[in-house]
Every structure is written in C-alpha cells, then in structure tokens.
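Colleague: okay, here's the prediction I keep looking at, along with the sequence it came from:
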Amino acid sequence: MDDDVRFRLDDDLLERIRSRAAGYDAANTFPDEDLAELREAGYLRAGVPVELGGHGLSLRELAAEQRRLAGAAPATALAINMHLVWTSVAVVLRERGDDTLDWLLREAAAGEVFAFGISEAGNDLVLFDSGTTAEPRPDGGYRFTGRKVFTSLAPVWTRLGTIGRDDSSPDAPKLVYAFVERGAEVVMLDDWDVLGMRATRSNTTSLEGASAPADRVIRRLDPGSSPDPLVFAIFASFEVLIANVYAGLATRALELAAASASARTSKATGLRAADDAVTRWKVAEAAIELDGLLIAADALARDVDEQAPHGRAWFAKLVGLKTRAARVAGDVVRRSAAIAGASSYRADAELARLQRDVVAAGFHPSNEDSAHRTVADAWLGPIGG
C-alpha cells in the first residue's frame with residue numbers, strides 16, 4: 001500500500017487520544033489536542049482526492065478509520081465525523097460528474113474545518129424544509145437568520161454548511177444550501193451540557209444575518225423530498241459515517257467486556273468469568289449482533305463508492321443502516337456492561353462513559369419515526385398511493 005495515497009491512523013496516536021477522552025468528557029471541553037494531532041497526521045484531508053491535496057481514502061476506508069477512532073474516543077470521532085461528512089459529500093458528487101464542491105476539497109486540504117449547521121429544534125423535516133430565513137442579496141449571495149442545534153466542532157470550525165428557506169424570491173419558496181464563515185453574525189451559545197458525547201461541543205449556533213457569497217451558495221431546491229444529487233450525497237455520507245462511529249463504540253465496549261471477563265475469577269466456583277457458560281453465551285450473543293452491524297456498515301459504504309444500482313431503495317437502506325447502528329450499538333453496550341459487572345457502573349469507568357455516549361445515536365437524523373416512514377414508503381408506496 002502506497003503511504004502517499006492510503007494511510008491508517010497510528011496506533012500510538014489512537015492510544016494518546018484514548019488516554020485523554022475521560023478528561024475531556026469530565027471537563028465538558030473540546031478535544032483540542034486530539035484535533036491538533038489528527039490534523040498533523042493528515043486525517044482531516046484523508047478523504048480528499050490525492051490530486052486535490054489529500055490522501056484519497058474511499059468512503060469505505062474512511063468508515064473503517066472512523067470505527068478505529070471511535071473505539072479510542074467516541075466524542076472525538078463524532079466531532080471529526082462532521083468535517084469528514086462534508087469532504088465525503090464533495091467526493092460523492094465529484095465521482096458522479098458534479099464538481100460543485102471541489103473548492104471545499106481544496107480548502108479542506110489547506111486546513112479549513114467544515115461543520116454542519118443543518119438541524120433545527122423541532123424541525124423533523126431536516127433537509128426537506130427549514131425554519132431559518134434565507135434572504136437573497138443583490139449580488140446573488142444570501143443572509144441566513146435562525147438557530148441551528150447540534151453544531152459539532154462549534155469551537156473550531158471555519159466553514160459552516162447550512163440551509164435556510166427563501167420565501168421572497170420570484171420562484172419562492174426555495175431551500176438554499178450554502179456555506180458561511182465565522183464572524184460577528186455567527187454567535188455560539190454556551191449551552192452544551194448533555195449526558196454523553198460531551199467533547200463534541202455541539203453548541204447551538206445563532207445565525208444573525210450570516211452572509212454567504214454567491215460562490216458559496218451551492219443549491220436552491222424546492223422544499224420537500226428531492227432527487228438532487230446533493231441530497232443523496234449528504235444522506236449517504238452522513239448515515240454511513242455516523243453508523244460506523246457507533247459500530248466502533250460498540251466494538252470497544254465488547255473488547256472491554258471480554259477483558260473484564262478474562263480478568264475476574266468467581267469465589268464460588270474458582271472459575272474465570274470467561275470460562276462460565278452463561279458469560280460465554282452473553283459475549284457470543286453480543287458479538288453476533290455486532291458482526292451483523294459491521295458487515296452491513298462496510299457493505300453499504302462500499303456500495304456508495306461503487307455506485308451500486310439501488311435506485312429508489314437507496315434512502316431506505318441508508319436510514320435503515322443508521323437505525324440498525326443505534327439499536328445494535330445500544331444493545332451491545334448494555335450487554336457489555338452486564339458482562340463487566342458493577343465496575344461498569346463507576347462514573348470513571350470507560351464502559352460507563354460508553355453507556356452515556358451511545359444514547360446520542362438515537363438523536364441523529366434520521367430518527368426512528370422518520371426512518372420507518374422512509375422504509376415503509378419504499379416497500380408499500382406513499383400513503384394513499
């Protein structure tokens with residue numbers, strides 16, 4: 001394998017990141033040292049094509065690295081995930097003949113950090129409508145006014161991809177996708193105090209007339225479901241990479257459970273917990289669940305890379321993967337905590353942190369309700385159709 005083209009995160013780097021994870025979680029602070037080391041390693045440009053200054057990892061390869069990073073520090077992986085999603089979106093478009101976001105790939109290679117400013121409180125339509133106002137400017141740019149929630153990388157991003165609704169243009173309504181930079185019109189609220197994934201620092205972002213120039217306005221689409229390639233690229237990149245973060249978290253939980261079982265001896269029987277039939281069944285059951293998720297996550301990432309002909313089934317497969325990841329990761333972590341015993345209930349235990357972190361999986365788009373609507377439509381057609 002050519003190191004100039006492909007690379008893996010160094011094991012020593014991952015161990016350093018692991019060693020800091022508990023401290024960042026306890027202090028509810030952003031993992032600045034992790035970001036610095038990952039940037040130095042070239043990870044923020046891992047998915048950027050070689051010819052544009054990156055390492056050229058495919059989505060499948062990037063997903064595998066995200067699993068490894070999440071095994072060391074889930075919150076760090078989830079935060080970096082948002083930047084990697086945008087570079088993946090750009091590559092998915094590029095591989096399908098759309099160079100709209102080639103500028104993003106060049107800027108990512110040059111060191112800019114991209115984040116998502118899409119989600120809004122109470123907006124379960126996510127990409128299909130917005131409560132943020134997009135006001136057109138005479139030069140073709142837009143000003144955005146509204147609040148975005150769960151904006152991971154809040155302390156460090158330099159480019160924010162966002163969406164708003166233009167109700168004033170002659171062809172309105174239109175959903176406007178664009179990128180804004182930090183400035184006085186972008187205000188970060190200090191409101192991130194949550195159960196898990198604390199080091200992501202996903203503060204609410206208040207857009208107060210934040211300006212996007214015309215060359216950073218990337219789409220104007222009708223509200224509602226859209227066949228536009230950008231929508232597919234966002235769904236594909238986001239759902240695949242999110243699923244792999246939680247697959248990596250679950251893998252680490254099971255590793256910790258197995259290590260605990262191998263280290264404990266029963267006073268009643270004199271046997272290691274790892275030799276107890278019930279414990280062995282529990283570990284095997286968790287491993288069977290996890291293997292199914294790992295296979296599915298890897299396969300769908302490969303399908304995106306290879307442009308598999310899933311047609312209208314694509315969205316059902318993508319939301320299904322994310323839903324399966326949330327369920328399986330949660331189940332594997334719970335089983336792992338039970339295998340490890342009371343030690344996993346200590347606040348300073350890694351498994352205790354993983355139990356808190358995995359809860360976040362249910363809050364990423366698409367949630368259970370939305371996923372079920374999408375999959376039902378794929379199998380049954382729309383209601384009344």
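Modeller: Now that the structure is in, tell me what you want to look at.

Colleague: mind listing what's buried along the longest helix along the chain?
Modeller: The helix spanning the most residues in the chain, taking DSSP state H as the definition, is helix 229-263. By neighbour count, and taking 16 or more other C-beta atoms under 10 Å as the criterion, the buried residues in helix 229-263 are 229-254, 256-258, 260-261. C-beta coordinates here come from the backbone N, C-alpha and C atoms, glycine included.

Colleague: and A247, what does it touch?
Modeller: Remark: with contacts taken as C-beta atoms under 8 Å, 6 or more residues apart in numbering, A247 is in contact with R67, A70, L290, L293, L294, A297, A325, V328, A329.

Colleague: please disregard the earlier target; I meant F114.
Modeller: 82-83, 86-87, 104, 107-108, 157-161, 179.

Colleague: filter the residues you listed down to the ones in strands?
Modeller: Assignment to strands by DSSP state E places the following of these there: R159, L160, G161, F179.

Colleague: quickly name whichever of the residues you listed is closest to A316.
Modeller: When the ones in strands among the contacts of F114 are compared for distance to A316 (C-beta to C-beta), G161 comes out closest, at 24.7 Å.

Colleague: show me what that closest one bridges to in the sheet.
Modeller: With DSSP bridges as the criterion, G161 is bridged to F116, F179.

Colleague: picking up where we left off before, drop anything exposed from the ones in strands among the contacts of F114.
Modeller: By the neighbour-count criterion of 16+ other C-beta under 10 Å, these include these buried positions: R159, L160, G161, F179.

Colleague: can I get the residues you listed in JSON lines with pLDDT and distance to L221?
Modeller: As requested, those are exported to JSON lines (pLDDT from 0 to 100; distance: C-beta to C-beta, whole Å):
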{"residue": "R159", "pLDDT": "98", "distance to L221": "20"}
{"residue": "L160", "pLDDT": "98", "distance to L221": "19"}
{"residue": "G161", "pLDDT": "98", "distance to L221": "14"}
{"residue": "F179", "pLDDT": "98", "distance to L221": "16"}
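
Colleague: so V245 is in contact with A79, correct?
Modeller: No - V245 is beyond contact range of A79, at 9.9 Å (criterion: C-beta atoms under 8 Å).

Colleague: find residues that contact each of these two.
Modeller: Common contacts of V245 and A79, defined by C-beta under 8 Å, 6+ apart, are absent altogether.

Colleague: report the mean confidence score over the host helix or strand of A63.
Modeller: Following DSSP states H and E, one finds A63 within helix 59-72. Helix 59-72 shows a mean pLDDT of 98.

Colleague: can you check stretch 208-216 too?
Modeller: 98.

Colleague: for that stretch, measure first residue to last.
Modeller: This stretch, stretch 208-216, spans 18 Å end to end (C-alpha to C-alpha, to the nearest Å).

Colleague: please identify the buried residues of it?
Modeller: Residues of stretch 208-216 classed as buried: A210, S211, A212, R216 (neighbour count, 16+ other C-beta under 10 Å).

Colleague: returning to what we had before: now for the helix holding A63, which elements pack on it?
Modeller: helix 11-27, helix 74-95, helix 229-263, helix 277-306 (3 or more C-beta pairs under 8 Å, 6 or more residues apart in numbering; DSSP states H and E).

Colleague: of those helices, which is nearest L35?
Modeller: Proximity of the helices and strands packed on helix 59-72 to L35 was assessed by C-beta to C-beta; the nearest stretch is helix 74-95, lying at 7.5 Å.

Colleague: where does the chain have low pLDDT?
Modeller: 1-6 (pLDDT under 70).

Colleague: got the domain ranges for it?
Modeller: As given by automatic domain parsing, the domain ranges for the chain are 11-112, 115-221, 229-380.

Colleague: pick the most deeply packed of the ones you listed.
Modeller: Among the domains of the chain, domain 11-112 has the highest mean neighbour count (mean count of other C-beta atoms under 10 Å), at a mean of 20.

Colleague: contacts only, for R201.
Modeller: With contacts defined as C-beta under 8 Å, 6+ apart, R201 is in contact with N28, T29, F30, A79, S152, L153, A154, P155, W192.

Colleague: backbone torsions only: list them for the nearest residue to the last one once chain neighbours are set aside.
Modeller: In space, and not counting its chain neighbours, W192 is closest to N203: 4.7 Å by C-beta to C-beta, 6 or more residues apart in numbering. Note on N203: backbone dihedrals following degrees, to the nearest 10 are phi -60, psi 150.

Colleague: which one of the contacts of A247 sits closest to R16?
Modeller: Proximity of the contacts of A247 to R16, judged by C-beta to C-beta, is greatest for A70, which lies at 15.5 Å.

Colleague: so how far is A79 from the residue nearest to that closest one when sequence neighbours are not counted?
Modeller: If you skip the residues right next to it in sequence, A70 has G248 as its closest partner in space, 3.1 Å away by C-beta to C-beta, 6+ apart. Noted for G248: a distance of 14 Å to A79, by C-beta to C-beta, to the nearest Å.

Colleague: so I218, which state does it fall into?
Modeller: When the structure is reduced to helix, strand and coil (DSSP: H, G, I helix; E, B strand; the rest coil), I218 reads as strand.

Colleague: many thanks, we can stop here.
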